[in-house]
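Colleague: Sequence first, predicted model second:
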Amino acid sequence: MLFQKTSLFLCVAGGALARTLSPKLQVRQNPTPTAGAPAAQSTICGDIVDAVDDPEGFTDFWARYAYQCLTSVPFNPAVASRFVKYWNQTVEYQSTIAYLKNPPPGYQQPAVDVYKELAKIQQRIDTGFYTNQYAFEADFQLLTYAMHDGHVRLIAGTLAAFSFSAPFEIASVSVDGKSLPKIYLTADIIDSQTEGWKPSPIKTINGEDVTEYLSKFAALNSWGYVEPHAEWNALMSSPALDIQGGGTIWSAGATFFPGENLTVHFENYTAGDESTFLDTIWIATYSEAANFTGPLTTGGDFYNYFVLGNLPASFNESAIIFPTIPEQEPATGNWSEASFQAFPEDPDIVQYDLGIFHTGLVSGYFLDDISTGVLSLPSFDVLSSTIGNYSGTVTRFLKEASLQGMDNIVIDLQRNTGGVTLLAYTTFKSLFPELLPFAGSRRRSSPMGNVLGSAITEFWELLDETDDDERQFKEELAANEWVITNRINAATGKNFTSWEEYQNGPTVNQDKFTLVEQYDLANEVFDRAAFDEWYPTMYMPNKTAWPIQERLFNPDQIVILSDGICGSACSLLIEMLTRAGVKTVVAGGRPQTGPMQVSTNRGASIYSTVDLDEDIEDAKEIDEFVKETTSSSLPAVREPGMNIQYATVNLRDQIRKDDQTPLQFKYEAADCRIFYTLANLYNTTRLWHDAVAAFKDKSLCVEGSTGFSTTNNTTPLPPPKRQAQRPTIDHDNPGVEEVNFDEIPNDGLKDATGGDIQSPKKCPTGTKIGQTCPGTRAICTAVDITCPSPEGKKQLPVCIPTCTCQASSCNCDGKCQVFNKLERKVQNSEVKVKTAGTQGQCFPKVGTGNVRLGCKSNPKTSSGR
C-alpha cells in the first residue's frame, strides 16, 4: 500500500481525473489539520460558478470553499417562515408522525416530535438565531433525516447546490467471517485479492477511532434507514451499487460540511512513513451543470437562484449547454466489468439490454457445486417499457433453475432501494402462484386528506361510464391515491363503499388512522392506471394465462440475501416472502455482534409535493360537482417560499394482517447475519456460497444474531435496546470561519417562479420537439405515453429535465434514466478522485397521471384538469 501525501491517486470505480487549480482559487499545496483558514472571500460563490462555467468545466472543489460559499448566502426570516408553514402542511400527510413521537420498544432510532421540532425552528427564525441560509437549512434537513424514512426526501435551497465526499471509498470487512470487521480502503481490498498481499486496516480518522468517527458520520448523513446497521452499510462500497452506477454516502453523497482535512492513519502507522497514512481533503461537488444558472457572483445571487429560484436578469437561455447523451455502446450482458470482476462474466440468465446505463437489471446464476440458483435483483426502479421484460426474466430464471434441478434459490436484494411496486407483486407470484399476499396499508386520517379523499372519490363515482370521454377519464383516475372505492377493505374482503367508511379507523398513539386497504390486483382497470397499462396476469382468475401455475420451489429452499438497504417495493417483497416462510440472511452492519434487520424503509407509498399540490388543485376544480366544499377547506395557495427540486413524504404505512403497528416500527431481524470478508466483498460467487452455507448451518452466523426473526417463529427473542442518539450540528463551532455576505435584495420575497421542480410534464403550447421548455432546464422530447383506450399508446411532447444522482438520491420526481457517469474535475491537481454520481433524463415514473403528460383531461371542468 503506497500513498503519497502530495500525490494521492485512488481509482476505485472509474477513471481518476487530474486538473490544474483555477487561478481564482489558489490554495496551499499540503493541507494539514492545524493550518489556519485562508481569508474569506465575499465572491467565493461566484468564483465557484465561474470555474464550473469555465471551458475546463470543473465540478469539484475543496469542501471548505463550498462551505464558505454556503455560509455567505444571506438569510431572510420571512421566506424561511413561509417554508416552515409549507412543510407543516405537507407533513400532515406523513403517515408516521405519531409513531415517531412515541415509537415502540423495538424501534432502533431516536424518537422525534416533528411538529415540536418545526416549532423550534420557527422560534429560532423569530429570535434571530440564524445568521445565514445554510444554518437554517441544515437544521431543517437534520429534522427530515431524523424521521429515518426513505420516502421522506427534501432537495431544496442551497443544500441542493453541493454534496460532500471523501476522495476514496471504504469498506467494512472481517478477515475470516467470525472476527469483527475492520475498515479498509476499497482499493486495497480489490488490489490485495488479485495481487496477493495483506492490506492494513484504518485505525483513526482525524485522530479519532475509526468506528466512532464513521458512526457519527453515518448518523448525521445517512438518511432513510430504520437502524444504524443500514446507515453504516450506506457508507461502504458494494458491487451491487457499482453496477447501478451509484456512489456511497461517504464517497459521493454527504449532506453536511464534514470539515476541511481528512487524515487517515492505518494500523501499521509509523511516523514519517508515508505508506502508512493518508493526508488529504474533503471534496464538494457542485450540482448544477455549466451555464445553467447564469452569472452568480455573491451570496445574494446564490440566494436568489437556489432559494428563490430566480434566474439573474442577465441570464441567456440560449447559453444553456445540455449534457450530451452519448451514443450507447451495446449492452455487455453481464456485470463483471462494472463490478470490478465481482460478478461472474457468464451469467446463465440475463434480462434484455443488461448493462450499466442500459435498461436491463435482472441476472441469474447457477452454482452447480452447491446446486443453487442465484437471482440478482439490484433494483425495481425501471422504465415503464421494461416492466414486462423484467418480470419475464424472473419467471424464465425460475423455470430454468427448476429444470436444472437446483436445490436452493438465493434472491439477492443487496442495495435494492425499491421502485415499481408491481415487480414485487409479480416476483412473489412467480415463486408462490397459489398464494395471495396480504400487502395491507393505511394512512393518517387527517383533516385535509379526508377532504381530498371525500371529494375525489365522490367525483370518480359520478363519472358516467357510458360516455366515452368520462369513461376514459375515470380509467385514468382509477389508481389515484384519493379514490378508495375500487380498493379492498382488508377487514371485509370487499371494496370500500365510500371515503367516509375508509377514514374511520383506529386511534393509535393519540392519532387517527384509516382502515387497512389492499390493492385489488384482479381489477384490470386499476392495474392499468397504476402500472402504465401493465397488469399482473397471475392475479387474474384465468390460470391458463399464468406463466407459472404451480410453485417450483418451497419456502425452505429459498433464502433472501440483503444488506439491510432494502426499501419500499423491496421491503414489500421481503414482507410477502417471509410471511410465506422464506428465510433471510443479512450481510454487513456495524462492527459488533448481534442481530441486524433485513430491510429498512418500509413505507407503502411515496407521495411527492408535486402530486399533492396537483391533487389539491384538482379537488378545487370539482367543487361544484361534490358535496365536500373543497375550495373553503383546502389551502388557497401552497407557496413553499423556497425553491424545491424534489420533496416527498410517506403517505401510507405497510400494515401486517391483524396488527396495528406499521412495519416501519417493527423489529424485523434477519434469520442469520454474516459479515462481509476480504475474500467475498468483491467476489459475489464466494459471497453467495457463504450465504447459503450460513442458511444451512446457523453456527456460521454472526454470534448472537439468530433467534430474533419472526419468520416461522412465534416466540422471537426481544429486540436490542435502542442506543442511537440524534445527531446535532454545532452552529457556534462550524470548523471554519463564515464569510461576510451581501444584504438580502429588497425583492427577496418574490415568488419562487424561476426554478422548476424536476418533474416531467407536457410541453407548453408552441414549444417544439428539441427546444428548451420555457423557464426550465428541460428539453421538449417525444415520449411514448400510454393513455387509456381509445387513445392508447401515442407519442406526446413532454418536458424532460436533466437529472443527477448522488449516493442513490436523484433530483427527479420520476425515473432518472442515467446515461453516463459524471466526469469529476477537481480544482486541485494533487487530489484525484474516482468518478462518482450519474446524470440522465428524468422520465415519468410508473403510475404518473398521464393527463399531466398530455392524455385527455377532465371532460367536466373548464380547465380540463
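Modeller: All right, it came through fine.
Colleague: can you tell me how far the nearest residue to Ser237 once chain neighbours are set aside sits from Ala252?
Modeller: Computed as Cβ to Cβ, 6 or more residues apart in numbering, the closest residue to Ser237 that is not its neighbour in sequence is Thr186, at 4.1 Å. Where you see a C-beta, it was placed from the backbone N, CA and C, and this is true even at glycine. Thr186 sits 13 Å away from Ala252, taking Cβ to Cβ, to the nearest Å as the criterion.
Colleague: ok so, going back, for burial, what's the neighbour tally of the residue nearest to Ser237?
Modeller: Look at Thr186: counted by other Cβ atoms under 10 Å, it has 26 neighbours.
Colleague: and it, what does it touch?
Modeller: 12, 168-171, 237 (Cβ atoms under 8 Å, 6 or more residues apart in numbering).
Colleague: domains of this structure?
Modeller: Following the TED database, the chain resolves into domains at 337-437+547-602+666-700, 441-543+605-628+644-654, 757-853.
Colleague: Give me the distance between the first one and the centre of its chain.
Modeller: Which is domain 337-437+547-602+666-700. Distance of domain 337-437+547-602+666-700 from the chain centroid (Cα atoms, centre = their mean, to the nearest Å) equals 19 Å.
Colleague: Could you list the single helix or strand in the protein with the lowest mean pLDDT?
Modeller: strand 8-9 (a mean of 32; mean pLDDT, DSSP states H and E).
Colleague: following that strand, which helix or strand comes up?
Modeller: helix 44-53 (DSSP states H and E).
Colleague: Which strands and helices lie in contact with that next one?
Modeller: helix 63-70, strand 283-286, helix 299-302 (3 or more Cβ pairs under 8 Å, 6 or more residues apart in numbering; DSSP states H and E).
Colleague: As TSV, those with distance to Asp242 and mean neighbour count would be great.
Modeller: Below are the helices and strands packed on helix 44-53 laid out as TSV (distance: least, Cβ to Cβ, whole Å; neighbours: other Cβ atoms under 10 Å):
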stretch	distance to Asp242	mean neighbour count
helix 63-70	24	26
strand 283-286	18	25
helix 299-302	34	25
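Colleague: Out of those, which is closest to Ser81?
Modeller: Evaluated with Cβ to Cβ, these place helix 299-302 nearest to Ser81, the distance being 19.3 Å.
Colleague: Strand partners (parallel or antiparallel) of the helix or strand following the closest one?
Modeller: Remark: after helix 299-302, the chain's next helix or strand is strand 349-350, criterion DSSP H and E. Applying DSSP bridges, strand 349-350 is found paired with strand 363-367 (antiparallel).
Colleague: Give the rounded mean pLDDT of the partner strand.
Modeller: Taken as a whole, strand 363-367 has a mean pLDDT of 99.
Colleague: Which residues does it contact?
Modeller: 334-335, 343-344, 347-351, 354, 372-376, 393, 397, 400-401, 404, 406, 685, 688-689, 692.
Colleague: repeat for stretch 192-206
Modeller: By Cβ under 8 Å, 6+ apart, the list of residues contacting stretch 192-206 reads 1, 33, 170, 182-185, 188-189, 191, 209-210, 213-214, 259, 261-269, 276, 678-679, 682-683.
Colleague: Only whichever of those are buried, select them in PyMOL.
Modeller: The following PyMOL line selects those of the contacts of stretch 192-206 that are buried, judged by 16 or more other Cβ atoms under 10 Å:
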select buried, resi 1+170+182+183+184+185+188+189+210+213+214+259+261+262+263+264+265+266+276+678+679+682+683
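Colleague: Out of the contacts of stretch 192-206, which sit inside strands?
Modeller: Assigned to strands by DSSP state E, the following of these qualify: 170, 182-185, 209, 261-266.
Colleague: mind putting the residues you listed in CSV, distance to Ala647 included?
Modeller: Formatted as CSV, these follow (distance: Cβ to Cβ, whole Å):
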residue, distance to Ala647
Ile170, 30
Lys182, 39
Ile183, 34
Tyr184, 37
Leu185, 36
Asp209, 37
Asn261, 34
Leu262, 31
Thr263, 37
Val264, 36
His265, 41
Phe266, 42
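Colleague: Closest to Cys701 out of these?
Modeller: Lys182 (19.6 Å).
Colleague: For Ile202, see how far away the closest one is.
Modeller: Applying Cβ to Cβ to Lys182 and Ile202 gives a distance of 7 Å.
Colleague: joint contacts of the two?
Modeller: Common neighbours of Lys182 and Ile202, using Cβ under 8 Å, 6+ apart, are Glu267.
Colleague: was I right about Thr711 contacting Ala580?
Modeller: No: with contacts counted by Cβ atoms under 8 Å, Thr711 stays clear of Ala580, the gap being 9.1 Å.
Colleague: When those two are compared, which one has more neighbours?
Modeller: Shown here are Thr711 and Ala580; by other Cβ under 10 Å, Thr711 has more neighbours (21 against 18).
Colleague: ok, that one to Ala271 distance?
Modeller: The value you get for Thr711 to Ala271, if Cβ to Cβ is used, is 52 Å.
Colleague: related to what we said a few turns ago, of the contacts of strand 363-367, which qualify as buried by neighbour count?
Modeller: So, by 16+ other Cβ under 10 Å, the buried ones in the contacts of strand 363-367 are 334-335, 343-344, 347-351, 354, 372-376, 393, 397, 401, 406, 688-689, 692.
Colleague: Check which helix or strand the closest residue to Leu70 other than its chain neighbours maps to.
Modeller: Distances taken as Cβ to Cβ, 6+ apart put Tyr134 closest to Leu70, at 4.1 Å, once the chain neighbours are dropped. If you go by DSSP H and E, Tyr134 is part of helix 133-146.
Colleague: Name the residues of that helix that are buried.
Modeller: 133-146.
Colleague: which of those lies closest to Pro110?
Modeller: Closest to Pro110, out of all of the buried residues of helix 133-146 and judged by Cβ to Cβ, is Ala146, at 7.2 Å.
Colleague: what sits against the closest one?
Modeller: Ala146 neighbours (Cβ under 8 Å, 6+ apart): 110, 112, 117, 726.
Colleague: And for the second one, nearest residue in space, chain neighbours not counted?
Modeller: Nearest non-adjacent residue to Val112, counting by Cβ to Cβ, 6+ apart: Ala146, 4.4 Å away.
Colleague: and if you look at the third one?
Modeller: Once its chain neighbours are removed from consideration, Glu117 has its nearest residue in Leu143; the separation is 5.0 Å (Cβ to Cβ, 6+ apart).
Colleague: my guess is the one you found contacts Tyr115, does it?
Modeller: No: using Cβ under 8 Å, Leu143 makes no contact with Tyr115, being 10.5 Å away.
Colleague: Quick one: the helices and strands packed on helix 44-53 as a markdown table, columns for mean pLDDT and distance to Ala78 too.
Modeller: Converted to a markdown table, those look like this (pLDDT from 0 to 100; distance: least, Cβ to Cβ, whole Å):
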| stretch | mean pLDDT | distance to Ala78 |
| --- | --- | --- |
| helix 63-70 | 95 | 20 |
| strand 283-286 | 93 | 28 |
| helix 299-302 | 90 | 15 |
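Colleague: Save the ones you listed as TSV, and put in distance to Ile606 too.
Modeller: Output for these, formatted as TSV (distance: least, Cβ to Cβ, whole Å):
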stretch	distance to Ile606
helix 63-70	28
strand 283-286	25
helix 299-302	30
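Colleague: quick one: strands adjacent to the very next helix or strand once past the helix holding Tyr134?
Modeller: Next helix or strand after helix 133-146 toward the C-terminus (DSSP H and E): strand 153-156. Next to strand 153-156 in the sheet, as set by DSSP bridges, lie strand 644-655 (antiparallel).
Colleague: Note down every partner strand of the next helix-or-strand element following the partner strand and its orientation.
Modeller: Per DSSP H and E, strand 644-655 leads on to strand 672-674 as the next helix or strand towards the C-terminus. Sheet partners assigned to strand 672-674 using DSSP bridges are listed as strand 583-587 (parallel).
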